[in-house]
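> Build me a structure from this.
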Amino acid sequence: MERSKTASYLGFARRAGKLTLGVQAAATVKKGVFLLVADVTVAKNSLKEIEKLQKRFGCPLVFTEDLGGMTGKASCKLAALRDEHLAAAILKENKEKE
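This next block holds a predicted model:
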């Protein structure tokens, strides 16, 4: 199976220490979030929390399938990306898919 570019970019961010995984962990980040990546299977209540975080950080929100597989954390439903360049690369890739 071919690894998507989004998965690669998330892996780069994780190794660089620029990725926060989970809704509760993302809520503890003070500033500097450039992109939120949510799993398409996120629950309604978690989605409400994610939308609040999106407003707080003023950043885009994208949805992907199998976020847990991409990040190596099986039950992960949200990834907060704190690297501006990797966030821009993921946004660019998602626009190309549309």
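
> Quick one: low-confidence residue ranges for this protein.
1-3, 97-98 (pLDDT under 70).

> got the contact list for the residue nearest to the spatial centre of the chain?
Taking CA atoms, centre = their mean, the centroid of the chain lies closest to Val37, which sits 2.4 Å from it. Counting by CB atoms under 8 Å, 6 or more residues apart in numbering, Val37 touches 6, 10, 61-64, 67, 78-79, 81, 90. C-beta here means a position set from N, CA and C on the backbone, and glycine is covered the same way.

> Could you dump the residues you listed into JSON lines and include secondary structure and distance to Leu53?
Listed next are the contacts of Val37 as JSON lines, based on DSSP: H, G, I helix; E, B strand; the rest coil; distance: CB to CB, whole Å:
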{"residue": "Thr6", "secondary structure": "helix", "distance to Leu53": "19"}
{"residue": "Leu10", "secondary structure": "helix", "distance to Leu53": "17"}
{"residue": "Leu61", "secondary structure": "strand", "distance to Leu53": "9"}
{"residue": "Val62", "secondary structure": "strand", "distance to Leu53": "13"}
{"residue": "Phe63", "secondary structure": "strand", "distance to Leu53": "14"}
{"residue": "Thr64", "secondary structure": "strand", "distance to Leu53": "16"}
{"residue": "Leu67", "secondary structure": "helix", "distance to Leu53": "15"}
{"residue": "Leu78", "secondary structure": "strand", "distance to Leu53": "8"}
{"residue": "Ala79", "secondary structure": "strand", "distance to Leu53": "12"}
{"residue": "Leu81", "secondary structure": "strand", "distance to Leu53": "12"}
{"residue": "Ile90", "secondary structure": "helix", "distance to Leu53": "17"}
